[in-house]
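Chemist: here you go, sequence then predicted model.
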Amino acid sequence: MARDLKLALQTGYWGSGPPHGVEESIAEAERLGFHSIWTAESYGSDVLTPLAWWGSRTERVQLGTAIMQMSARRPAAAAMAAITMDHLSGGRFILGLGVSGPQVVEGWYGEPFAKPLARTREYVSILREIWARRGPVTFEGDHYTLGLPGPSGLGKPLKSTVHPLREDIPIYLAAEGPKNVALAAELCDGWLALFYSPHAEDLYLPNLQEGWAREGARRSREDFEVAATVPVIVHDDVEQAADLLRPMYALYFGGMGAKTKNFHANVPIRMGYEAVVDEVQSLYLEGKKTEAAAAIPTALVEQMALIGPADKIRHDLEAWRDSVVTTLMISGDAATIRRAAEVVLDA
């Protein structure tokens, strides 16, 4: 059933410095009635400081992390940050989490990447236990222990000194693999979908349905949020619009992670583009980035992005309205998001 879509602004993680014009984009997003703004982190800028700084200049939009790297913070530190941000924003905070990949987790954070699903389940359980504030928190898992019997013998279970503004702070999980998508549907309030296509929904819907059907699942399809990162480029020439996005897709599908373990590349592979991904990876890892970008087919771009003249985008939006997606996360300067909003919200 076709329905309205919410818009969100994804500011992303920084390149060599703060993104130019981001304050104007955030102000425009608030003026246009966007649902939320989001920040990110990898191994440069952190996710919380910009969100607090920029979010302090807003009044209505929700403020989300997409994503807060789980390996960067122990669960208690993430819980404390969420309590703090939720208070400072008047209950507008959304905690978006993700496990990232082994190259970043082990290479940058110095943490083991093993068993990400089990780690996520423990992490989320600890967050909710801290926010519930029923008493001193103890937890004994395979990956995290609170009330650790350390060598000093002085550690003891504690309860947050700060009373959460909300004990049900929303948690969205970034997920691409089938099992992780199902976990998001079971444990969380929303799913952050980085590479999503409404034309290949059968790749995701069974996993979401599996998660919603599990005993003790937190949400159902009716009240579960799916925030999908969707480039929107209003342009008279479809090919030129696709050219603007090909380098980004080449980076993620060809240059992120290792050739043998790239979670981003698995998405187009499952969509039937295995030969394309093999070519893109080979070219990218040989240093031929321009050729790798040129190898990204326009058809693949059109399945994951909204590009072309306004009337074409309005037509293509119908597939997104019929999908499980509830929010389109877009990026760009103030003029870009204004034009996108005109097309999406008035469609």
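Modeler: All right, it came through fine.
Chemist: tell me the confidence at the residue nearest to residue 236 when sequence neighbours are not counted?
Modeler: Distance criterion Cβ to Cβ, 6 or more residues apart in numbering; nearest residue to residue 236, sequence neighbours excluded, is residue 309 at 5.7 Å. For every residue, glycine as well, the C-beta is placed using N, CA and C. Looking at residue 309, its pLDDT is 97.
Chemist: neighbours of residue 309, just the number please.
Modeler: With neighbours defined by other Cβ atoms under 10 Å, the count for residue 309 comes to 15.
Chemist: test my guess that it contacts residue 240.
Modeler: No. Using Cβ atoms under 8 Å, residue 309 is not in contact with residue 240, being 11.5 Å away.
Chemist: buried residues in stretch 130-149, which are they?
Modeler: Neighbour counts using 16 or more other Cβ atoms under 10 Å place 130, 131, 133, 137, 139, 143, 144, 146 of stretch 130-149 among the buried residues.
Chemist: quick one: low-confidence residue ranges for this protein.
Modeler: 1-2, 257-258, 347 (pLDDT under 70).
Chemist: who touches the lengthiest helix in it?
Modeler: Using DSSP state H, we find that the single longest helix of the chain is helix 116-132. Applying Cβ atoms under 8 Å, 6 or more residues apart in numbering, the contact partners of helix 116-132 are 70, 75-76, 78-80, 82-83, 95, 97, 99, 137, 139, 141-144, 146, 160, 164, 166-169, 171, 173, 179-180, 183, 187-188.
Chemist: of those, which belong to helices?
Modeler: Per DSSP H, the subset of these in helices is 75, 76, 78, 79, 80, 82, 83, 179, 180, 183, 187.
Chemist: against residue 43, how distant is the third one?
Modeler: Taking Cβ to Cβ, to the nearest Å as the measure, residue 78 falls 18 Å from residue 43.
Chemist: neighbour count winner among the two?
Modeler: The neighbour comparison of residue 78 against residue 43 (other Cβ under 10 Å) goes to residue 78, with 24 against 13.
Chemist: and that one, how far is that from residue 187?
Modeler: According to Cβ to Cβ, residue 78 and residue 187 sit 15 Å apart.
Chemist: again, but for residue 44
Modeler: Relative to residue 187, and taking Cβ to Cβ, residue 44 is found at 28 Å.
Chemist: okay, the two: which has more neighbours?
Modeler: Shown here are residue 44 and residue 187; by other Cβ under 10 Å, residue 187 has more neighbours (21 against 12).
Chemist: ok, the more buried one to residue 284 distance?
Modeler: From residue 187 to residue 284 the distance is 34 Å (Cβ to Cβ).
Chemist: got it, and residue 172?
Modeler: Distance from residue 172 to residue 284, counting by Cβ to Cβ: 29 Å.
Chemist: between the two, tell me which one has more neighbours.
Modeler: Using other Cβ under 10 Å as the criterion, residue 172 and residue 284 rank with residue 172 on top: 27 against 22.
Chemist: from memory that one sits against residue 189, does it?
Modeler: Yes. Using Cβ under 8 Å, residue 172 is in contact with residue 189, at 6.4 Å.
Chemist: tell me how this protein divides into domains.
Modeler: Split into domains by automatic domain parsing, the chain comes to 6-234+308-345, 236-307.
Chemist: strands along the chain, start to end?
Modeler: Along the chain, counting by DSSP state E, strands occupy 6-10, 36-39, 62-65, 68-69, 93-98, 139-140, 145-146, 171-174, 190-193, 225-229, 232-234, 306-308, 327-330.
Chemist: overlap in contacts of residue 172 and residue 189?
Modeler: Contact criterion Cβ under 8 Å, 6+ apart; residues shared by residue 172 and residue 189: residue 225.
Chemist: before we move on, the earlier item: can you lay out the ones in helices among the contacts of helix 116-132 as a markdown table showing distance to residue 113?
Modeler: What follows is the ones in helices among the contacts of helix 116-132, written out as a markdown table (distance: Cβ to Cβ, whole Å):
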| residue | distance to residue 113 |
| --- | --- |
| 75 | 17 |
| 76 | 21 |
| 78 | 18 |
| 79 | 22 |
| 80 | 24 |
| 82 | 23 |
| 83 | 27 |
| 179 | 15 |
| 180 | 13 |
| 183 | 16 |
| 187 | 19 |
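Chemist: and which of those residues is nearest to residue 111?
Modeler: residue 75 (12.8 Å; Cβ to Cβ).
Chemist: mind putting the buried residues of stretch 130-149 into TSV with distance to residue 340?
Modeler: Below are the buried residues of stretch 130-149 laid out as TSV (distance: Cβ to Cβ, whole Å):
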residue	distance to residue 340
130	38
131	35
133	41
137	43
139	43
143	40
144	40
146	44
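Chemist: quick one: which of those is nearest residue 204?
Modeler: Of all those, residue 204 sits closest to residue 143, with 26.4 Å by Cβ to Cβ.
Chemist: residue 99 is in contact with that closest one, correct?
Modeler: No. Counting by Cβ under 8 Å, residue 99 is not a contact partner of residue 143; they are 11.3 Å apart.
Chemist: can you pull the buried residues of stretch 289-299?
Modeler: By 16+ other Cβ under 10 Å, the buried positions in stretch 289-299 come out as 289, 292, 293, 295, 296.
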